[in-house]
Every structure is written in C-alpha cells, then in structure tokens.
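**Q** my questions are about this predicted structure, shown below with the sequence.
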Amino acid sequence: MEKRFIYADNAATTAVSEEVLNAMLPHFRTAFGNASSIYKLGRDAQRDVEDAREKVAKALGAEPKEIFFTSCGSESDNWAIKGMAENMAKKGKKHIITSVFEHHAVLHTCEYLEKHGFEITYVPVSDKGLIDPEDVRKAIREDTGLVTIMYANNEIGTIQPIEEIAAVCHEKGVVFHTDAVQAVGHVEIDVKKQGIDMLSLSGHKIHAQKGIGALYVRKGITLPNLIHGGAQERNRRAGTENVPAIVGLGVAIEAATRNIAEKAAIITPRRNRLIDGILQLPYTRLNGDRDKRLPGNLNISIEGIEGESLLLMLDLNGICASSGSACTSGSLDPSHVLLSIGLKHEVAHGSLRLSIEEDVTDEDIDYILEVIPRVVDRLRSMSPVWEKMMKGEKYE
Amino acid sequence: MLYSEKVLDHFSNPRNVGEIEDADGVGEIGNAKCGDIMKMYLKIDDGIITDAKFKTFGCGAAVATSSMATELIKGKSIDDALKLTNQAVVEALDGLPAVKIHCSVLAEQAVRSALSDYYTRQGIDPLPIVGEIKEPEE
C-alpha cells in the first residue's frame, strides 16, 4: 500500500480550520484595534470580542457574561480551582474532591493546594475508566467546597456521568467544575441543564489556534481576579484581549458544536473498525468503556512492545499517534490514567492512542490497519518480553 | 523529543537484531516495569567478539543504543569491549536527549552482563574482571 499521511492525534491538537483562519486574518492587519479604544477601530474589535463571547456562550447553553477568555485550558483549570480554593478559605472550607485520572492541569493544581493547607480526595475510577457518582457523594464532607471532575478523559476518551455528579454536588451545596477540554465539540453540552457551575475549554482542540481558552463561571459565583491590571474580562483577567484568537475561538466552537451527532455518525463506525481490527492482534486490550467514550478516541494496549517505539514506527509510515508509555510521558512511570484503570506498568508501556476526526477516510482506516499489524510484528520479533511471553515465562 | 538522524537510523534499521543460537555469552538487563529490557548475545572466539546480536523492548533510544553497542564491540577484543562506556555509545549516535541517557547506560551494562555470563560459563568468576552489573533503579 502506498504511504499516506494520516493525522490521528486530534486529542493532542488540531489544525486551524480554513473558516477560523479566514475569520482571524483581518484582525492582524486591518481590524487590529485595541478593544478598549474609543474610536471605531477599537469599538469594532470590542464588538467582535463580544460576538465571540456570545458564540461560546451559545455553544454551552450559557450566558455571555458567564464566559471569560483565557490563554488555554490549563489556565482555565488553574483559575477555577485555585480561585475557588481562595473563596473556600474565607469560609473556613478546605476540602476539594477530584479524581485520580484528571489531566495534570487539574491534578498538579490540586497537589499544589495540598501543600498549602487544603485536603484533596481523589475518587477512584472503575476498570472501564468511569467515575461512580456515589463515590463522589461518599467523599463530600461538611467542609467540601469544590468538586472537579473531567468531562471526558484525554487518554482513554471515557465520558463521565457529569449530570449525575453535578446533581450529587448540588444536593450538598458544593460547587462543581469540569475540565471539558476533550469533550467540547464532541458531545452535546448544556451547562444549565447539566448543572455545571464552572467549565474549562481550549481552542486548539477544536480547530482554533493554540493559546486561547475559556472558562465558564455560573452567575452567582465570583472568582478572585486572575490577572490584576486593566478592566478586560470584566476586571477579572487583565491584559489586552487577543482579538484574533478570541474571534477564532468563537468561529471554531460554533462550527464544532453545529453538527455533533452527524460527525459522530461518521466517525464512530470508522473508529470501531479500527478497534476491532487492532484487537485481532493477540495480547491486546481496549482501554476504557467501549460505548461511553468520545467518538474518535481509541486506546489499546499492545503487550510485548513499548509505546514510543510504536509511535516512531507509525511516524515512519506517516501516521501521527500518541501513547501513554513512560518514554512519552517524560517520566519513568507510564500514564497515571492507564495505571488508574488497573493496568500493570508493563502493559501500560505498550499503549496506543488514536484520536480521529471525519477527515480520516475509510481508505485511511484500511491503511492504518495494514500498517499496525506489520509494525507490531516487527517490534515483537525484536522484543525479549514478547519472546518470554511466547515461551510462557514470566517477564515482570 | 529530538533524536539525531543517527539515532533514527539505528532505530529504523537496527544492526544485529536477533539471537545467536550457540552464543558464548548472553546478558539481559532492565525490566519491563521500567519500560526497557535489553538482551545481548555474544559469540566469542579466542578472546575476540566475532558476533553480537540483541533483542530490545523499549523506546527508540533503547533500540538505537543496543544497535550501536553491538556495532562498537563486534570484531573487538573482550578487553576493548569492557572499555565500552555509555558515553562512547552516546557520542557514536551523535548525542541523545538528556532523559534518554539511561538507555546508553543499559546498553553498556547489557554488554558487560553478556561478558559476565561468558566468564561464568568458562568457570571463571566474572566479578574481578567485569565488575558489578548495575541494574536500573526502579
């Protein structure tokens, strides 16, 4: 089969769409005004920023004044969690609940707060990668002020029971934040119906540029100001608005949420064909619940090989993918997500994540399914771990 | 992760992959939990390493350093092979990212482990000649 180029790592980042780029371009050279300026050029910029805010709000079922632009999903997470912690401290509350398999933007923020006198409960996830709302209920205490649980996991794509978790929080009067960076544009979100109090999102996962994100904060919750200075973002986050990026985010989120069901109907069967095809290989397993997962996500462990080698081999064949191996996580331990759902270290090292969108065609799927078995065979043939497995010896 | 062209070359076309059926020394280092295992096979004739092969479970750097280590010791005397340092492997590969230096240490130790096995098979205590084999820290 002829070599192709296939981008199957949309959970890492996405390309800026033509629609988004075209909307952004005027804001660099002609419509370049500062949104705080009084003259028309400035007023136009302000109008475009507010127009983008409306688009983001509409996509989430929120009101425009509940949307704050940030520089990325991590910033949104940090602001929501540390800001709420500051509010809690004033009321003598010091307990926060999160889960063991959050993104590091949430986990490391919680660990930071632990060092500053807060107590964190990390609720477990099932072997299918799902959080039980009952575990959240059990963890809530008198002094709990915040629950932060991701909407969809970034590695295994599992979609959490957000509405149920939010309901549990509200029964006890606890604020609920969700990191929805991976979910926006892939699942229907309505913050009011679902009872979400705060939600983080990122632009570059939905075909806007890198360096733009947003935080939804429900009316009635007042977070401390993140950046002190000018009056931008209703005094909460000073700094001249990144108008091109904000405009791009507005267009991107409108496009991403326009036809979620139609996109899923195209992507899901292709993704399922990939799952079934790869699982034909012996000693493989799908990580995360098969149905309660993002349409384009698959995460499979392939025993006997190591993830980074697999990614390099796929790259040589024109396929961009991702892994949870230690080598790709930048530490000696494999992904905390894969360990949290009960994978052994040696199995977690050999994991493969593909995250596809509708531009990956059926022919591309054929190509991936031709390349992966060939590459896996090659790596296994040179793997002493595989050799031992085949002889029935232990390799731990 | 920025790999040199040489690392990528030794990863995508590794030299000396495989096993030696009647090897005179076989060494294994690392563990699957940490994500790297190297197994090294040596054929030794009259104090000269006439053949070297390896199998590796690990990242791109683990494969490339194994490949380079076998290249560097093939045709050399045992004495020369014992002088192989991880630094020599790194230099021969035009460098490694800092987080991957441990792979070159594994390659160095895999060679020593195979030589240690060679001496043991000869009924010679390898410790005074080869020294301690350093297993990677967990």
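**A** Yep, it's here.

**Q** ok, and the closest non-adjacent residue to residue 54?
**A** Went with chain A since none was named. Of all residues not flanking A:E54 in the chain, A:P64 sits nearest, at 4.9 Å (Cβ to Cβ, 6 or more residues apart in numbering or on different chains). Yep, even glycine has a C-beta here, placed from its N, CA and C like the rest.

**Q** wait, I meant chain B there
**A** B:S66 (4.4 Å).

**Q** and chain A, is the helix or strand hosting B:H10 touching that?
**A** Assessed by DSSP states H and E, B:H10 sits inside helix B:5-12. Yes - Helix B:5-12 comes into contact with chain A (Cβ under 8 Å from any Cβ of the partner chain), by way of B:8, B:11-12.

**Q** the residue nearest to A:E54 contacts A:A57, doesn't it?
**A** Yes - between A:P64 and A:A57 there is a contact at 4.5 Å, judged by Cβ atoms under 8 Å.

**Q** looking at these two, which is more packed in?
**A** A:A57 (20 against 14; other Cβ atoms under 10 Å in any protein chain shown).

**Q** related to what we said a few turns ago, packing partners of the helix holding B:H10?
**A** Helix B:5-12 sits against helix A:307-316, helix B:60-73, with contacts defined as 3 or more Cβ pairs under 8 Å, 6 or more residues apart in numbering or on different chains; DSSP states H and E.

**Q** all helices of chain B, in order?
**A** B:5-12, B:60-73, B:78-82, B:86-92, B:101-121, B:127-130 (DSSP state H).

**Q** would you single out the least confident of those helices?
**A** Here the helices of chain B differ in mean pLDDT, and the lowest is helix B:127-130 at a mean of 93.

**Q** send me that one as CSV with only the CA atoms.
**A** Extracted in CSV, the C-alpha atoms of helix B:127-130 (Å, rounded to 0.1, in the frame of the first residue of the first chain):
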residue,chain,number,x,y,z
LEU,B,127,33.4,-10.2,39.3
PRO,B,128,37.1,-9.2,39.4
ILE,B,129,37.2,-8.9,35.6
VAL,B,130,33.8,-7.4,34.7
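
**Q** contacts for that helix?
**A** Identification of contacts with helix B:127-130 by Cβ atoms under 8 Å, 6 or more residues apart in numbering or on different chains yields B:82, B:112, B:115-116, B:119.

**Q** contacting residues for A:Y39?
**A** For A:Y39, the contact set (Cβ under 8 Å, 6+ apart) comprises A:G33.

**Q** interface residues of chain B facing chain A?
**A** Applying Cβ under 8 Å from any Cβ, we find that chain B lies next to chain A at B:1, B:8, B:11-12, B:14, B:17-18, B:28, B:31-39, B:55-63, B:99.

**Q** try 6 Å
**A** Contact residues, chain B versus chain A (Cβ under 6 Å from any Cβ of the partner chain): B:12, B:17, B:32-33, B:35, B:37, B:39, B:55, B:57-60.

**Q** in the residues you listed, find the pair that's most separated.
**A** Largest separation among the residues of chain B next to chain A by Cβ to Cβ: B:S12 and B:K33, giving 26.5 Å.

**Q** do you know the pLDDT at the residue lying closest to A:L199 once chain neighbours are set aside?
**A** Once flanking residues are discounted, A:L199 sits nearest to A:Y216: 4.3 Å by Cβ to Cβ, 6+ apart. Per-residue confidence (pLDDT) for A:Y216: 98.

**Q** what's A:Y216 sitting at in phi/psi?
**A** Reported as degrees, to the nearest 10, the phi and psi values for A:Y216 are phi -90, psi 130.

**Q** ok so, going back, any idea how far the residue nearest to A:E54 is from chain B?
**A** 42 Å (Cβ to the nearest Cβ, to the nearest Å).

**Q** these two touch, right, that residue and A:R53?
**A** Yes - under the contact definition of Cβ atoms under 6 Å, A:P64 touches A:R53, with a separation of 4.6 Å.

**Q** dig out what B:D51 forms beta bridges with.
**A** B:D51 has these beta-bridge partners by DSSP bridges: B:K43.

**Q** what's the burial count for it?
**A** Neighbours of B:D51 using other Cβ under 10 Å come to 16.

**Q** ok, now A:L369?
**A** Neighbour tally, A:L369, other Cβ under 10 Å: 15.

**Q** wait, it touches A:G277, no?
**A** Yes - with contact defined as Cβ under 6 Å, A:L369 counts as touching A:G277 (4.1 Å).

**Q** ok so, going back, show me the residues of chain B next to chain A that map onto strands.
**A** B:37, B:39, B:55, B:57 (DSSP state E).

**Q** brilliant, that's me finished.
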